[in-house]
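>>> Okay, sequence plus prediction incoming.
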Amino acid sequence: MDLELRHLKTLQAIADAGSLTKAASALGLAQPALSAQLKRIERTLGGRLFDRGRYGVRATPLGHLVLSRARLVLPAVHQLQEEAVRFARCPDEAPGFRLGATTGPLLGGLVDRLAAVYPGAPVITHISWSEREIATAVAEGRLDYALIGTCGDSPPPEPERLAWREVARDPVFVMVAHDHPLAGAREIELAQLAHEAWTSVPGDGCFGDCFAAACARAGFAPTRLYETDTTSCVHLVQVGRAVGLCRATFPNTPGMVTRPLAGSPLSWRHLVGWHPGSVPPESAAAVVAHTRAAYAEAATRSESYARWLADRTATGPDPWPGDGPSGPRPASGPGARAAGGPPPGLHNAGRGIN
């Protein structure tokens with residue numbers, strides 16, 4: 001086996017995390033898979049790179065040598081990739097938009113608006129379940145913008161290299177079949193779903209852990225989870241096989257309804273990210289504005305979310321007061337839509353569905 005850049009990234013992740021368990025989580029791998037990969041790398045380099053102990057892992061002398069070289073090589077390669085991509089994009093070429101996103105109507109709405117406003121500019125899309133993969137592609141210059149989400153106030157990936165702006169923040173809703181006993185409820189207590197099977201799309205964020213923690217606070221642990229694509233998730237809900245989490249702005253779909261979770265125990269932030277050295281400020285500002293407008297359009301199509309917002313506006317202050325860590329949170333009342341500002345939405349989360 002030849003040594004590759006991905007192997008150096010793996011070694012650096014292990015050293016930075018201080019344990020194989022934490023490194024596996026950061027890399028989105030199972031620990032046995034990471035252990036097997038480390039053994040292959042060690043065989044290639046001719047010796048043990050880490051000593052495993054009671055309190056984690058520690059680099060051996062050979063490991064220190066390899067890591068010192070990796071910390072020089074990896075940043076240099078990242079810089080080369082970014083400079084090459086910027087150089088390859090000819091100045092007189094029509095400006096385009098290379099968008100990376102997890103799935104959902106925000107991407108479709110943004111593509112529609114960009115195509116309408118910039119009819120001569122190519123719009124290229126890349127879809128992935130992994131927010132980290134998308135953010136890395138933007139940081140390395142292979143994409144222009146990342147359209148992702150994070151659970152609650154969790155930080156987005158690549159915070160040192162990318163600029164992030166918050167588009168909106170949603171409570172997480174639950175999807176149930178139209179004939180489910182709780183389908184007529186105005187809101188549903190999470191504990192009322194203790195005996196249900198759940199369905200969710202994959203993801204590499206912390207939403208799964210946050211969901212498990214919310215269930216534990218409600219006094220139960222989910223007994224079954226079907227992890228699959230969005231269409232299959234919806235089907236499992238429609239036929240009554242499972243219930244699922246979704247963004248509050250999930251559109252009306254035959255055979256199922258969406259309902260708020262009482263107390264809003266989970267939330268999701270929509271974010272747009274870009275590399276400040278690769279994207280002109282005016283272009284970034286336009287993409288953020290168009291994404292917020294696309295979100296506002298999606299929000300108007302959800303009857304249950306509109307009712308939730310109306311209830312909160314009538315009984316108390318803005319459900320999401322204050323400013324978020326990446327910018328001001330959007331207003332939440334009907335006037336926000338009329339003015340073009342979006343009310344707070346859930347993207348996908350590994351994490352519920354779109």
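Received, thanks.
>>> Local confidence estimate at the closest residue to residue 279 other than its chain neighbours?
Counting by CB to CB, 6 or more residues apart in numbering, residue 279 lies nearest to residue 144, which is 5.8 Å off, once chain neighbours are set aside. Placement of C-beta: from N, CA and C, glycine included. Residue 144 carries a pLDDT value of 94.
>>> Let me see the contact set for residue 144.
Counting by CB atoms under 8 Å, 6 or more residues apart in numbering, residue 144 touches 96, 97, 98, 99, 138, 274, 278, 279.
>>> Return the distance of the third one relative to residue 32.
Relative to residue 32, residue 98 is positioned 36 Å away (criterion: CB to CB, to the nearest Å).
>>> These two: which is more packed in?
Using other CB atoms under 10 Å as the criterion, residue 98 and residue 32 rank with residue 98 on top: 18 against 10.
>>> Which per-residue confidence value corresponds to that one?
On pLDDT, residue 98 comes in at 94.
>>> center of the chain, which residue is that?
The centre of the chain sits closest to residue 149, judged by CA atoms, centre = their mean, with a distance of 3.6 Å.
>>> bridging residues for that one?
In this entry, residue 149 is beta-bridged to residue 270, by DSSP bridges.
>>> That one is in contact with residue 270, isn't it?
Yes. Counting by CB atoms under 8 Å, residue 270 is a contact partner of residue 149 at 5.3 Å.
>>> on that earlier part again, show me the contacts of residue 144 that map onto helices.
residue 138 (DSSP state H).
>>> need the contacts of residue 144 in TSV with distance to residue 298, can you?
As requested, the contacts of residue 144 are exported to TSV (distance: CB to CB, whole Å):
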residue	distance to residue 298
96	24
97	19
98	22
99	16
138	23
274	21
278	28
279	24
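>>> between the contacts of residue 144, which has the most around it?
Counting by other CB under 10 Å, top hit in the contacts of residue 144: residue 138 with 27 neighbours.
>>> contacting residues for the closest residue to that one other than its chain neighbours?
Leaving aside its sequence neighbours, residue 138 sits nearest to residue 146 (CB to CB, 6+ apart; 4.6 Å). Residue 146 makes contact with 100, 101, 131, 134, 135, 137, 138, 162, 271, 272, 273, 274 under the criterion CB under 8 Å, 6+ apart.
>>> Let me know the closest of those residues to residue 301.
Distance to residue 301 across these (CB to CB) is lowest for residue 101, with 18.8 Å.
>>> residue ranges of the helices in the stretch 251-354 of the chain, please?
Along the stretch 251-354 of the chain, the segments classed as helices by DSSP state H, counting those that start in this stretch run 281-300, 303-315, 334-338.
>>> Counting by contacts, list what the longest one packs against.
Spelled out, that is helix 281-300. helix 105-117, strand 145-151, strand 163-177, strand 267-274, helix 303-315, helix 334-338 (3 or more CB pairs under 8 Å, 6 or more residues apart in numbering; DSSP states H and E).
>>> Those: which one's closest to residue 225?
Ranking the helices and strands packed on helix 281-300 by distance to residue 225, with CB to CB as the measure, places strand 163-177 first at 14.0 Å.
>>> Keeping just the C-alphas, turn the closest one into CSV.
This file holds the C-alpha atoms of strand 163-177, laid out as CSV (Å, rounded to 0.1, in the frame of the first residue of the first chain):
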residue,chain,number,x,y,z
ALA,A,163,-17.3,32.2,6.7
TRP,A,164,-20.7,31.1,7.8
ARG,A,165,-24.1,33.0,7.9
GLU,A,166,-27.2,31.8,9.5
VAL,A,167,-30.2,31.6,7.2
ALA,A,168,-32.9,30.5,9.6
ARG,A,169,-33.5,28.4,12.7
ASP,A,170,-36.3,25.9,13.0
PRO,A,171,-37.9,23.8,15.7
VAL,A,172,-37.9,20.2,14.8
PHE,A,173,-41.3,18.7,14.1
VAL,A,174,-42.4,15.1,13.9
MET,A,175,-44.1,13.3,11.0
VAL,A,176,-46.9,10.8,11.7
ALA,A,177,-49.3,9.0,9.4
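>>> That one: what's the following helix or strand?
strand 198-200 (DSSP states H and E).
>>> now that following strand, how far from the centre of its chain.
Remark: strand 198-200 is offset 17 Å from the chain centroid, using CA atoms, centre = their mean, to the nearest Å.
>>> how close does the most far-flung residue of the chain relative to its centre sit to residue 218?
Centroid-distance maximum for the chain: residue 46 at 38.5 Å, with CA atoms, centre = their mean. Note on residue 46: its distance to residue 218, by CB to CB, is 52 Å.
>>> worst-scoring helix or strand of this protein, pLDDT-wise?
Least confident element among the helices and strands of the chain, by mean pLDDT, DSSP states H and E: helix 334-338 (a mean of 32).
>>> any weak-confidence spans in the chain?
82-95, 104, 314-354 (pLDDT under 70).
>>> Map the structural domains onto the sequence of it.
Domain segmentation of the chain under automatic domain parsing yields 5-88, 94-354.
>>> Name the stretch among these that sits most buried.
Burial of these is given as mean neighbour count (mean count of other CB atoms under 10 Å); domain 94-354 ranks first at a mean of 19.
>>> any idea how far that one is from the chain center?
Distance of domain 94-354 from its chain centroid, counting by CA atoms, centre = their mean, is 8 Å.
>>> Equivalent analysis for stretch 12-19, please.
Distance of stretch 12-19 from the chain centroid (CA atoms, centre = their mean) equals 23 Å.
>>> circling back to that earlier point, can you convert the contacts of residue 146 into TSV and add a column each for distance to residue 308?
Shown next, in TSV, are the contacts of residue 146 (distance: CB to CB, whole Å):
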residue	distance to residue 308
100	30
101	25
131	26
134	29
135	30
137	35
138	32
162	31
271	22
272	24
273	28
274	31
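>>> Cool, thanks, signing off.
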